[in-house]
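Engineer: Here's a sequence, model it:
(chains A and B)
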Protein chains: 2
Amino acid sequence: MENFVFHNPTKLVFGKGMVEKIGEYLKKDGIKKVLLLYGSGSIKKNGVYEKVLRSLIENGIEKVEVSGIRPNPVLSKVHEAISVAREHHVEAILAVGGGSVVDSAKAVAAGFYYEGDIWDAFIGKYNVKKALPLYVILTMSATGTEMNGNGVVTNDKTQEKFYFSSKHVYPVVSIVDPTTQYSLPANQVVYGAIDAISHVMEYYFDVARSDLIDRIDEGIIKTLIETTEIILKEPEDYEARANFCLATTLALNGLTGLGTTGGDWSSHELEHAISALNPEVAHGAGLAVVFPAWMVYVKNKISDKLVSFGKNILGMNGEVSPEEVIRNLKSWYKKIGAPITLKELGFEKSDIDKLTAIANKHAPFGTVIEVKEEDIKKIYEIAYE
Amino acid sequence: MENFVFHNPTKLVFGKGMVEKIGEYLKKDGIKKVLLLYGSGSIKKNGVYEKVLRSLIENGIEKVEVSGIRPNPVLSKVHEAISVAREHHVEAILAVGGGSVVDSAKAVAAGFYYEGDIWDAFIGKYNVKKALPLYVILTMSATGTEMNGNGVVTNDKTQEKFYFSSKHVYPVVSIVDPTTQYSLPANQVVYGAIDAISHVMEYYFDVARSDLIDRIDEGIIKTLIETTEIILKEPEDYEARANFCLATTLALNGLTGLGTTGGDWSSHELEHAISALNPEVAHGAGLAVVFPAWMVYVKNKISDKLVSFGKNILGMNGEVSPEEVIRNLKSWYKKIGAPITLKELGFEKSDIDKLTAIANKHAPFGTVIEVKEEDIKKIYEIAYE
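Structural biologist: Sure, this is the predicted structure:
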């Protein structure tokens, strides 16, 4: 087990009927005006928007809105929101939505106090020193952003999809009400599950390990697999939905990374190139394609771990081979409706060079193996069909 | 799954060589003078005291000391430390030791700003409003106090062993260096393990449940069982020691209670009477005796959970009966050298009435069943021999 510092100051407010509490939390913290950030308007259909507005009004909190954040959120939208936030002198950001909205909100919160372009935080030119306090109402569980200090944004000028991290952008309060997710389309559940499973796997396959955290990882992934199957059949099964939501939060709030060297993250690097080249590809869909391909490429280095994965998570018995485990994971992805090849995502063989070029900007990466340009290309080739 | 609010602001600093960092953390927070609180002096034998002093000096931090905190810590010592802290105008408490030292430190931190007797916080007469910041160097992993807002102290005038909770007494920073625990006597490891296992069990057997948290609970207890056995043979096995330490912290930092109604806690109530009547009894020893007796008494209400416990934690196969699971748990306690009857703890049959009277002060308690006077007596009778 590696040394670590764990510090997660976010207050997680979880359960039925919690959305309505947002105004009280803001008021208690002395906040009188927020920037309300949301996406394409699904929060207006599922009633969350109305609940939030009522709670703000009841607690005497003003709001100014920026909406239209889309999946794979873009920097230009972050710039727009920073301008609005400054113009109206808001005291906090209230993000209502999924990972894209919350990640954008983190960039807005940090960008508010920064004179340069907040993209500098993504490319290592600026170490965030201060941010507006961030409050979150999560309406799609997947990325874990509601309880960590990371944000991913795509620079729409350069097509680069990068992330930044700062202790200043941990949400102060994150509200997760599983019932608000009953109306999510099936593919968002599927991609959310794969995203969260992939977060845990990035740590699970890290070179440093601990029996305790391995067991916790296995419990989280097993729960995600079971609950995804239930939710796809019974979208309003509260217990399944609640376990799913909590599992996605714990997948990336620091817990699963304790004692690792920080996780491998090669598959995430490889995926970011995919959804940067084609922003229509959901992050979870890209991960479903690329993570098993990475596993195939490094299987000799992680064979013990793959066998444990098969036995303790997938419930495989007897003689278990690493190859079989990867096949079973892919079969499960396929079963729940995820793509498992680049081809299914609409890429041509000739795109592999483009993907390689984009991913190579961050290379070398990974802890299991140091992934370089030639490895990147080979992994995309494995992922192709 | 029940609704919950999870908020744990403690920074956990974990690993080899971390003790020496204490001065830096204090300095970064602007603290110039601390009350250094410790126990019987074992920290002078294992080198921790010297490392702490050096780190304080290097960072220009003054200290005033109060030592002699003993297991099952007493209120009179807390009063003494509050006086010293006030007299010397310290800005923080630095607790170096195990659960008793840290729990006392929490009472001192809260008592510093309270004009009345801080015992009021234990008996529900005072809701803590403010406390000195608390820094911890944990030298014995067991109670989980390094990452929560609870403290247990015995009132040496009334023999009442009560606890208090406050968000204001979460440690700001807790340092856990597993190597500082290499020299702990075997019985402290055993009682620490049983204490931590019991914390998880109080939640595991709660009436509300979640598959996810059940799996995390099972992973923590399984790890505690495995690592205890390794540590008893190889006290300097770093991986076992580190997994053990982290498991005890996660056992009671809020994680294992997510989605429960708050845990059952009957066994803790029953144990507190035991170590209040005889302060020589270690908390973990009392729990080893009383928890299985409680299980026997309520087994029809928790039979499914007992079977899961047997299968997923103790590795039992085939037809598993709840009785067999309790027997196996007791056998394991016996195997690692813990007492499993009140008789072994030195109590007479005639003490059962005294124990019942003490425990009854907090009755009724529990969620699985509402434990009342007659139940208390029957459980102690089961525990007797």
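
Engineer: In terms of pLDDT, where does A:Lys161 sit?
Structural biologist: pLDDT for A:Lys161: 83.

Engineer: wait, isn't it in contact with A:Ile274?
Structural biologist: No: the pair A:Lys161 and A:Ile274 does not pass the contact test of Cβ atoms under 8 Å, sitting 9.1 Å apart. For glycine as for every other residue, the C-beta is placed from the backbone atoms N, C-alpha and C.

Engineer: Start from the N-terminal end of chain A and give the strands.
Structural biologist: Secondary structure of chain A (DSSP state E): strands located at A:4-6, A:11-14, A:33-37, A:62-66, A:92-97, A:134-138, A:150-155, A:160-165, A:173-176.

Engineer: highest average neighbour count across these?
Structural biologist: Taking mean count of other Cβ atoms under 10 Å in any protein chain shown as the contact definition, the stretch among those with the greatest mean neighbour count is strand A:134-138, which reaches a mean of 29.

Engineer: Just list what it packs against, helices and strands only.
Structural biologist: In terms of contacts (3 or more Cβ pairs under 8 Å, 6 or more residues apart in numbering or on different chains; DSSP states H and E), strand A:134-138 is packed against helix A:22-28, strand A:92-97, helix A:99-111, strand A:173-176.

Engineer: The second one: how far from the chain's middle?
Structural biologist: Meaning strand A:92-97. Taking Cα atoms, centre = their mean, to the nearest Å, one finds strand A:92-97 lying 16 Å from the centre of the chain it belongs to.

Engineer: Okay, angle between it and strand A:33-37 too, please.
Structural biologist: Compare the direction of strand A:92-97 with that of strand A:33-37 by axes from the mean of the first three to the mean of the last three Cα atoms, to 10 degrees and you get 30 degrees.

Engineer: can you list contacts of strand A:92-97?
Structural biologist: Residues from elsewhere that reach strand A:92-97, judged by Cβ atoms under 8 Å, 6 or more residues apart in numbering or on different chains: A:22, A:26, A:29, A:31, A:33-39, A:43, A:48-49, A:52, A:63, A:69, A:85, A:101-102, A:104-105, A:108-109, A:132-140, A:171-172.

Engineer: Return the residues in contact with the closest residue to A:Glu65 other than its chain neighbours.
Structural biologist: In space, A:Glu65 comes closest to A:Leu36 once its chain neighbours are excluded; the distance is 4.8 Å by Cβ to Cβ, 6 or more residues apart in numbering or on different chains. The contact partners of A:Leu36, by Cβ under 8 Å, 6+ apart, come to A:52, A:56, A:63-66, A:94, A:96.

Engineer: What strands flank the worst-scoring helix or strand of chain A on mean pLDDT, and is each parallel or antiparallel?
Structural biologist: Among the secondary structure pieces of chain A, namely its helices and strands, strand A:160-165 has the lowest mean (mean pLDDT, DSSP states H and E), a mean of 90. Applying DSSP bridges to the sheet, strand A:160-165 is found paired with strand A:150-155 (antiparallel).

Engineer: Measure how the partner strand sits relative to strand A:134-138, angle-wise.
Structural biologist: Using the same axes, to 10 degrees: strand A:150-155 against strand A:134-138 is 90 degrees.

Engineer: Show me what counts as buried in stretch A:303-310.
Structural biologist: With burial defined by 16 or more other Cβ atoms under 10 Å in any protein chain shown, the residues of stretch A:303-310 counted as buried are A:305-310.

Engineer: Quick one: mean pLDDT over that stretch.
Structural biologist: Mean pLDDT, computed over stretch A:303-310, is 98.

Engineer: which residues are contacting it?
Structural biologist: By Cβ under 8 Å, 6+ apart, the list of residues contacting stretch A:303-310 from outside reads A:204-205, A:209, A:214, A:218, A:295, A:299, A:316, A:320-322, A:324-326, A:328-329.

Engineer: Can you tell me which of those are also in contact with chain B?
Structural biologist: Restricting those to those near chain B by Cβ under 8 Å from any Cβ of the partner chain leaves A:Glu218.

Engineer: Using ChimeraX, define a selection of the buried residues within the contacts of stretch A:303-310.
Structural biologist: One line in ChimeraX is enough to select the buried ones among these; burial here means 16+ other Cβ under 10 Å:
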select /A:204,205,209,214,218,295,299,316,320,322,325,326,328,329
